[in-house]
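Peer 1: Build me a model from this:
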Amino acid sequence: MPRIQAKIYAQAMLKLALEKGGLAEASDISYSYDSLLESYNDIEHAEVVTALPLNEKDKEKLSLQLKEMRGCQVIIDAHTDPTIIGGIKIKIGNMLIDASIRHKLESLRRSLLKDIQ
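Peer 2: This is a model prediction of the structure:
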């Protein structure tokens, strides 16, 4: 669907929502439209969690690596969480990559406890 045609449909849908008192849902409609448009344009979002903030160069490098892995453009939504201690957690689509130090320590703990029992 050409972008101009999609924009016309989106405007008509928002106008209808306003006329029917659906302004409260406008945010949900906008989010859904953006998601559909990104899907159409073969774009995915990756939620990335690190202990320390990523700089732009690291975000670009990670985006390129994920693009190679997923076969589409990937936008990095980066967050920090000091409780992961170090490493990285990536959630993209239904895939979770947990390469955090916290996860590795928990796995080691479970393994040691299993060996004891």
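Peer 1: Which helix or which strand is home to the closest residue to Ile97 other than its chain neighbours?
Peer 2: Using CB to CB, 6 or more residues apart in numbering and skipping residues adjacent in sequence, the residue nearest Ile97 is Ile90, 4.4 Å away. C-beta here means a position set from N, CA and C on the backbone, and glycine is covered the same way. Ile90 belongs to strand 87-92 when assigned by DSSP states H and E.
Peer 1: Could you list the buried residues of that strand?
Peer 2: Residues of strand 87-92 classed as buried: 88-90, 92 (neighbour count, 16 or more other CB atoms under 10 Å).
Peer 1: In the sheet, which strands lie alongside it, parallel or antiparallel?
Peer 2: As defined by DSSP bridges, the strand partners of strand 87-92 come to strand 43-50 (antiparallel), strand 95-100 (antiparallel).
Peer 1: Now distance to Ala12, mean neighbour count and mean pLDDT too, for the ones you listed, in JSON lines please.
Peer 2: Formatted as JSON lines, those follow (distance: least, CB to CB, whole Å; neighbours: other CB atoms under 10 Å; pLDDT from 0 to 100):
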{"stretch": "strand 43-50", "distance to Ala12": "24", "mean neighbour count": "18", "mean pLDDT": "97"}
{"stretch": "strand 95-100", "distance to Ala12": "36", "mean neighbour count": "14", "mean pLDDT": "97"}
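Peer 1: Among the buried residues of strand 87-92, which pair sits farthest apart?
Peer 2: The span of the buried residues of strand 87-92, defined through CB to CB, is set by Ile88 and Ile92 at 12.1 Å.
Peer 1: how does this structure divide up, domain by domain?
Peer 2: 1-41, 43-117 (automatic domain parsing).
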